[in-house]
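In: fold the following and give me the result.
(4 chains)
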Protein chains: 2
Amino acid sequence: MDGTKKLEKARERIIETIAQNIHLYGLTPSAGRQYGTMFFHNEPLTLDDMTEELGMSKTSMSTSVRALSDLKLVERAWKRGVRKDLYQVSEDWYQSFIDLFSIKWRKSVSQHSGAIRKSLAELDELMNDPAISEELKSEVMIDIDKLQYMRAYYEWLDRLIDAFEDHDIFDLVPIRNLQKDSSDKSK
Amino acid sequence: MDGTKKLEKARERIIETIAQNIHLYGLTPSAGRQYGTMFFHNEPLTLDDMTEELGMSKTSMSTSVRALSDLKLVERAWKRGVRKDLYQVSEDWYQSFIDLFSIKWRKSVSQHSGAIRKSLAELDELMNDPAISEELKSEVMIDIDKLQYMRAYYEWLDRLIDAFEDHDIFDLVPIRNLQKDSSDKSK
DNA sequence: TTGTTTGTACAGAAAAAACCGTTCAAACTA
DNA sequence: TAGTTTGAACGGTTTTTTCTGTACAAACAA
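Out: This is a model prediction of the structure:
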């Protein structure tokens, strides 16, 4: 088999695996393929480059590169004399993992916390209403407990994301920069 | 406003918030609504109960309760004399968060690790091929570096998931069981 | 055994999304 | 200024996903 073909095949396997797993970041396989393609390119790419590489429309490239940018999986690059926007994958994958939580999960925590606060206030009000049956009150009490549990959980999630952002997580789970020689046959 | 209505409204807000955020678990809003409904029910529910509560088909209830079960967000319950399957939400949300990683992310790590191993072996072979141009070899070298970086990253992710499963994460980010009085107005 | 109940497989309908071609505004060039 | 180039907004089309109703197999009841 031709050497270039072999290299291409080895890359394709990785790209396809990325495409099949990028849903964990809430992205489509197409965006994953785009990411993978950029990953193996050693130069920043323009939208037109991507159109050519992936055989998809420029519009599609534009929208999915935006989705990738929103999650900070890719970033813009500059190159003297090039007017087109250039994009390249963010180098630090650990940071990309953290960014997922900073962006998507933090937003979710915030929405939940807001909803819980509002509902808790309403139930609180309900508890102080004298025109409410004892039976209903005991139901409300149960719900208040549940919401308090939720509130504690999201507060925990919030601190977890803090621990990611502050890189405290690397104290617990250190990055091992093995750089293991690829000819090492040991298991 | 009627007390029962008010309670219902407070619940609906939470349920809808869950529905809008469950995509982080790779589930549809419908499944989220189903989860939310079960969450506020103090008794396990049957598929027929859910059909009635949510106004959707039994088939839908069956498929999405399976999706929820796969992620261990809900579990089966038993009740004397009831022949129908009963389901209830898993009580421990912290564990549910961990399960997400045990199930979905671990699988992703495994797929990636496999692909990386294969591709790395191929590139290794390519490097030892004497019939390959120097130019191509330097390209291959770059890719090997990238794959080694990936390998280290997924190995880190694997250890991170271990830290979740072993509950070591709670040493770094402890669960505060505040149980703060809901009448506390401090900010 | 036969009749009933329950959960799920399957195929088609409905809804949602991904994607494309065209168009347009902004930025750059001359 | 006018002419290009570029990225994205907007409708319309295609593809995918979600949901439903029917049908069926397994478990239970009598």
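In: going forward, measure contacts between C-alpha atoms and count neighbours the same way
Out: OK.
In: with adjacent residues omitted, what lies nearest to the most centrally placed residue in chain A?
Out: Closest to where the C-alpha atoms of chain A average out (C-alpha atoms, centre = their mean) is A:L100, at 2.9 Å. Counting by C-alpha to C-alpha, 6 or more residues apart in numbering or on different chains, A:L100 lies nearest to A:L71, which is 6.3 Å off, once chain neighbours are set aside.
In: residues touching that neighbour, list them.
Out: Residues in contact with A:L71, defined by C-alpha atoms under 8 Å, 6 or more residues apart in numbering or on different chains, are A:96, A:99-100, A:103.
In: ok, back up a step: what strand or helix carries the residue nearest to the centre of chain A?
Out: Assessed by DSSP states H and E, A:L100 sits inside helix A:93-100.
In: after that helix, heading C-terminal, what element do we hit next?
Out: helix A:106-127.
In: after that following helix, next one along is what?
Out: From helix A:106-127, the next helix or strand downstream (DSSP H and E) is helix A:134-165.
In: what packs against that following helix?
Out: Here helix A:134-165 touches helix A:93-100, helix A:106-127, helix B:3-21, going by 3 or more C-alpha pairs under 8 Å, 6 or more residues apart in numbering or on different chains; DSSP states H and E.
In: of those helices, which approaches DNA strand D most closely?
Out: Among those, the nearest to DNA strand D by C-alpha to the nearest atom of the strand is helix B:3-21 (10.6 Å).
In: what about whatever helix or strand comes next after the closest one, near DNA strand D?
Out: Using DSSP H and E, the helix or strand that follows helix B:3-21 in sequence is helix B:29-40. Yes - for helix B:29-40, a contact with DNA strand D is found by C-alpha under 7 Å from any atom of the strand, at B:29-31.
In: need the residues that contact the helix or strand following helix B:29-40.
Out: Toward the C-terminus, helix B:29-40 is succeeded by helix B:47-54 as the next helix or strand (DSSP H and E). Contact with helix B:47-54 is made by B:34, B:37, B:56-58, B:61-62, B:84-86, as judged by C-alpha under 8 Å, 6+ apart.
In: I'd like those laid out as a markdown table, including distance to chain A, pLDDT and secondary structure.
Out: Formatted as a markdown table, the contacts of helix B:47-54 follow (distance: C-alpha to the nearest C-alpha, whole Å; pLDDT from 0 to 100; DSSP: H, G, I helix; E, B strand; the rest coil):
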| residue | distance to chain A | pLDDT | secondary structure |
| --- | --- | --- | --- |
| B:Q34 | 17 | 95 | helix |
| B:T37 | 12 | 96 | helix |
| B:M56 | 25 | 93 | coil |
| B:S57 | 27 | 92 | coil |
| B:K58 | 27 | 93 | helix |
| B:M61 | 23 | 94 | helix |
| B:S62 | 23 | 94 | helix |
| B:K84 | 26 | 89 | coil |
| B:D85 | 24 | 90 | coil |
| B:L86 | 21 | 94 | strand |
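In: for B:E12, state which of the residues you listed is nearest.
Out: Closest approach between the contacts of helix B:47-54 and B:E12, by C-alpha to C-alpha: B:T37, at 8.7 Å.
In: what does chain A have sitting close to DNA strand D?
Out: So chain A meets DNA strand D at A:46-48, A:58-59, A:62-63, A:66, A:83-86 (C-alpha under 7 Å from any atom of the strand).
In: give me the buried entries from the residues you listed.
Out: Among the residues of chain A next to DNA strand D, those classed as buried by neighbour count (16 or more other C-alpha atoms under 10 Å in any protein chain shown) are A:46-48, A:58, A:66, A:86.
In: just flag the most distant two among these.
Out: A:D48 and A:R66 (14.6 Å).
In: assign A:E75 to helix, strand or coil.
Out: Under the three-state scheme (DSSP: H, G, I helix; E, B strand; the rest coil), A:E75 adopts strand.
In: my guess is it contacts A:D85. True?
Out: No - with contact defined as C-alpha atoms under 8 Å, A:E75 does not reach A:D85; the gap is 10.3 Å.
In: and chain A, what are its domain boundaries?
Out: As given by automatic domain parsing, the domain ranges for chain A are A:3-91, A:94-172.
In: quick one: the longest one to chain centroid distance?
Out: So the one you mean is domain A:3-91. Distance of domain A:3-91 from the chain centroid (C-alpha atoms, centre = their mean, to the nearest Å) equals 16 Å.
In: same deal with stretch A:122-137?
Out: The answer for stretch A:122-137 is 42 Å, by C-alpha atoms, centre = their mean.
In: next, the distance between the ends of it.
Out: 13 Å (C-alpha to C-alpha, to the nearest Å).
In: mean confidence for it?
Out: Mean pLDDT, stretch A:122-137: 94.
In: ok, now stretch A:152-161?
Out: Mean predicted confidence for stretch A:152-161 is 98.
In: now the angle from the helix holding A:L100 to helix A:134-165?
Out: Angle of helix A:93-100 versus helix A:134-165, following axes from the mean of the first three to the mean of the last three C-alpha atoms, to 10 degrees, is 150 degrees.
In: in helix A:93-100, what's buried?
Out: Per 16+ other C-alpha under 10 Å, helix A:93-100 contains these buried residues: A:94, A:96-100.
In: show me what it packs onto, helices and strands only.
Out: Using 3+ C-alpha pairs under 8 Å, 6+ apart, helix A:93-100 sits against helix A:134-165.
In: next secondary structure element downstream of the helix it packs on?
Out: Next element after helix A:134-165 (DSSP H and E): helix A:169-172.
In: can you give me the buried ones in that following helix?
Out: A:I169.
In: now do stretch A:147-165
Out: Those would be A:147-164, for stretch A:147-165 by 16+ other C-alpha under 10 Å.
In: get me the contact residues on chain A for DNA strand C.
Out: A:27-31, A:55-61, A:64, A:83.
In: so among those residues, which ones count as buried?
Out: A:27-31, A:58, A:61, A:64.
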